[in-house]
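> Based on what follows, work out the 3D shape:
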Amino acid sequence: MDRLQGSMEALSALQITEDMDGLDVQSKSLLQYAEVLAVILRDTIAEYEGYSWKEVAEFIEVDSITSTMEVSPGRTNTKIRSDATEYHNLNEKTSLFDLAFRARNPQISTEDIQINLHIDVEPQKIYNPGYPIEKRGMYYLARRLSSQLSLALNVTDYNRLAKCYSIWICRDEIPKEDQYSISVYEMVNTKNTAPNTVSRENYDLMTLVVIKLGNTVYNGDKEDEGYELLRFLNTIMYPHKDDFMDTVSEYIDFSDNDALRKEVIHVSTIEQIKYEGMREELTEELTKEITEELTKEITEELTKEITEELTKEITEELTKEITEELTNELTGRGVKALILDNLENEIPKERILVKLQKYFNLTEEKAKWYYERFVSGE
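Predicted coordinates for the structure are as follows:
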């Protein structure tokens with residue numbers, strides 16, 4: 001099976017979710033990348049059976065991925081661009097899909113017409129939060145399906161309805177006998193008294209997938225159904241183990257990445273480039289002019305010879321240097337998501353501030369600044 005090509009952004013997300021204590025906020029930041037979603041979709045979406053991870057990643061409409069689409073009645077077909085939304089309907093509490101997006105349905109799409117699947121992925125810390133997850137999943141599916149009919153048109157065209165998937169990944173508090181299992185709930189035709197049957201694609205419009213993990217250790221066998229998916233989720237959804245990157249690299253390849261190589265060379269000093277015979281020449285050239293053209297020249301001359309060595313030497317410390325700028329950018333989004341997620345669950349301000357300091361290494365002053373900023377809707 002061909003591995004997926006990993007992006008710098010996904011690599012950064014994999015690093016900053018190392019603890020995975022908060023789960024909801026951290027997993028959202030991790031699951032938004034096509035290379036991660038492709039592993040999940042390949043073994044949960046019936047339409048993608050037989051396709052490779054790389055092919056599934058190409059089906060995903062990356063620009064459609066959002067965590068700010070409302071589930072509340074009457075608002076689901078409105079894509080809200082700001083997390084600080086204040087839309088409500090019939091005095092009902094506004095809630096959001098954790099991760100909603102569209103992906104190509106290869107079974108019924110043609111060269112001229114693309115038909116999409118409507119998918120949402122919902123990571124859950126616990127399987128039984130006081131109500132059946134399955135009921136909530138069916139509600140989300142109903143809202144996702146109904147949202148496809150425009151409120152702006154007088155004529156309702158049911159031909160436009162496309163299939164919806166809701167995938168729930170539950171991590172903790174799973175009954176032992178249900179741990180590391182995959183359950184699928186879908187629409188089926190159970191009885192016909194007439195000789196003619198209706199094509200399945202005309203009624204099978206909602207499929208709920210519930211994935212139950214349950215333990216930091218996964219002892220599945222390669223022959224088990226869903227082994228690759230469950231092993232991948234076990235690796236990324238719990239605090240990362242020492243062999244974390246080794247396991248992830250079996251699914252996602254970060255070595256053959258131009259952006260990564262350029263960034264490594266950009267932050268590397270002459271002392272980090274260890275090829276004898278080139279060191280003196282490179283030292284003289286880099287001293288004279290560290291320009292974009294020179295970086296390109298170095299990359300072209302050295303990449304083939306040192307890619308393997310650099311790949312092995314990308315340790316945790318080097319990765320932190322490479323992703324520092326990206327981490328700062330993602331921290332703002334992670335802080336925002338944590339604040340709003342906790343406010344929705346009515347967590348007191350003081351506890352939120354403590355979490356911000358713990359998870360994002362913020363000072364108390366900086367935590368208060370973020371809190372006031374996002375609570376005010378800026």
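
> So residue 216 versus residue 236, what's the distance?
From residue 216 across to residue 236, the span is 12 Å (C-beta to C-beta, to the nearest Å). In this view, the C-beta of every residue, glycine as well, is placed from N, C-alpha and C.

> Which of those two has more residues huddled nearby?
Ranked by neighbour count (other C-beta atoms under 10 Å), residue 216 and residue 236 place residue 236 first, with 22 against 12.

> so what secondary structure elements neighbour the helix or strand harbouring that one?
Following DSSP states H and E, one finds residue 236 within helix 227-237. Here helix 227-237 touches helix 34-42, strand 164-172, strand 206-212, helix 244-248, going by 3 or more C-beta pairs under 8 Å, 6 or more residues apart in numbering; DSSP states H and E.

> wait, which of these is closest to residue 349?
Nearest to residue 349 among the helices and strands packed on helix 227-237 is strand 164-172; the distance by C-beta to C-beta comes to 26.3 Å.

> elements contacting that closest one?
Against strand 164-172 (3+ C-beta pairs under 8 Å, 6+ apart) you get helix 34-42, strand 116-126, helix 133-146, strand 206-212, helix 227-237.

> you'd agree residue 334 is up against residue 30?
No - Residue 334 lies out of contact with residue 30 (C-beta atoms under 8 Å); the separation is 10.4 Å.

> mind showing which ranges of the stretch 101-250 of the chain have poor pLDDT?
Scanning the stretch 101-250 of the chain for pLDDT under 70 picks out 150-155.

> try 80 this time
Low-confidence segments of the stretch 101-250 of the chain, defined by pLDDT under 80: 150-156.

> Mean neighbour count for the helices and strands packed on helix 227-237 - can I get that in a markdown table?
Below are the helices and strands packed on helix 227-237 laid out as a markdown table (neighbours: other C-beta atoms under 10 Å):
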| stretch | mean neighbour count |
| --- | --- |
| helix 34-42 | 24 |
| strand 164-172 | 23 |
| strand 206-212 | 22 |
| helix 244-248 | 16 |
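
> Show me the one of those that comes nearest residue 347.
With respect to residue 347, and counting by C-beta to C-beta, the nearest of the helices and strands packed on helix 227-237 is strand 164-172 at 18.5 Å.

> Tell me the secondary structure at residue 102.
Of the three states, residue 102 takes strand under DSSP: H, G, I helix; E, B strand; the rest coil.

> quick one: it and residue 252, what's the gap?
Residue 102 sits 22 Å away from residue 252, going by C-beta to C-beta.

> So for the two, which sits in the more crowded spot?
Taking neighbours as other C-beta under 10 Å, residue 102 and residue 252 compare with residue 252 leading, 23 against 18.

> circling back to that earlier point, any chance of the helices and strands packed on helix 227-237 in TSV, plus distance to residue 96?
Formatted as TSV, the helices and strands packed on helix 227-237 follow (distance: least, C-beta to C-beta, whole Å):
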stretch	distance to residue 96
helix 34-42	18
strand 164-172	14
strand 206-212	18
helix 244-248	28
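
> which ones are touching residue 212?
Residues in contact with residue 212, defined by C-beta atoms under 8 Å, 6 or more residues apart in numbering, are 127, 170, 174, 178, 179, 180, 181, 182, 183.

> just to revisit the earlier point, so between residue 334 and residue 30, which is more surrounded?
When residue 334 and residue 30 are compared for neighbours, residue 334 comes out ahead with 22 against 18, by other C-beta under 10 Å.

> helix or strand for the more buried one, which one?
helix 316-344.

> what's the answer for residue 183, then?
strand 181-186.

> quick one: strands adjacent to that strand?
Here strand 181-186 has these sheet partners by DSSP bridges: strand 206-212 (antiparallel).

> Extract the C-alpha set from the strand it pairs with and format it as PDB.
These are the backbone C-alpha positions of strand 206-212, laid out as PDB (Å, rounded to 0.1, in the frame of the first residue of the first chain):
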ATOM      1  CA  MET A 206     -27.200   8.200   5.800                       C
ATOM      2  CA  THR A 207     -24.500   6.000   7.300                       C
ATOM      3  CA  LEU A 208     -23.300   6.200  10.800                       C
ATOM      4  CA  VAL A 209     -19.900   4.700  11.800                       C
ATOM      5  CA  VAL A 210     -18.900   4.300  15.400                       C
ATOM      6  CA  ILE A 211     -15.300   3.400  16.100                       C
ATOM      7  CA  LYS A 212     -14.600   2.300  19.700                       C
END
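
> angle of that strand against strand 164-172?
10 degrees (axes from the mean of the first three to the mean of the last three C-alpha atoms, to 10 degrees).
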